[in-house]
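Student: When you get a sec, could you give me coordinates for this:
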Amino acid sequence: MSAERQLTVLSREWCHLCHDLLDALEPLQRELGFEVDVVDVDAFPALEAVWSEKVPVVLAGEVEICHYFLDETAVRAHFQRIG
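Tutor: Model (predicted):
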């Protein structure tokens, strides 16, 4: 699958919002056919320094789509833009 059809979720193991966002993202992932790369920000000090207060964050490449809660409309709009 191409990098265009992939989202990155910056997450934490102990974060209930992170788990909720990932659960909410699953049906969209199946429907729209994209991969999700989950990255634990606590394992990467540089990411933690930048994104700590916003986690969970959904990224398309380096572009933030949403944070804290899944914005289904924004995810759909992203995949409509890229085709």
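Student: How far does the lengthiest helix in the chain sit from its chain's centre?
Tutor: For the chain, the longest helix by residue count, based on DSSP state H, is helix 16-32. Here the centre of helix 16-32 is set off from its chain's centre by 9 Å, with CA atoms, centre = their mean, to the nearest Å.
Student: just stretch 76-83 next, same as before
Tutor: 15 Å.
Student: Which residues belonging to it are considered buried?
Tutor: Within stretch 76-83, the residues that qualify as buried are 78, 79, counting by 16 or more other CB atoms under 10 Å. Bear in mind the C-beta positions are built from the backbone N, C-alpha and C, glycine included.
Student: how about low-confidence regions in this protein?
Tutor: Applying pLDDT under 70 to the chain picks out residues 1-3.
Student: Helices along that one, start to end?
Tutor: 16-32, 45-51, 72-82.
Student: mind putting those helices in TSV, distance to residue 4 included?
Tutor: Shown next, in TSV, are those (distance: least, CB to CB, whole Å):
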stretch	distance to residue 4
helix 16-32	12
helix 45-51	22
helix 72-82	5
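Student: Those: which one's closest to residue 60?
Tutor: Closest approach to residue 60 among those is made by helix 72-82 (5.4 Å; CB to CB).
Student: Can you list the helices and strands that that closest one packs against?
Tutor: Here helix 72-82 touches helix 16-32, strand 63-67, going by 3 or more CB pairs under 8 Å, 6 or more residues apart in numbering; DSSP states H and E.
Student: can you redo the ones you listed as JSON lines with mean neighbour count and distance to residue 45?
Tutor: As requested, the helices and strands packed on helix 72-82 are exported to JSON lines (neighbours: other CB atoms under 10 Å; distance: least, CB to CB, whole Å):
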{"stretch": "helix 16-32", "mean neighbour count": "14", "distance to residue 45": "18"}
{"stretch": "strand 63-67", "mean neighbour count": "15", "distance to residue 45": "19"}
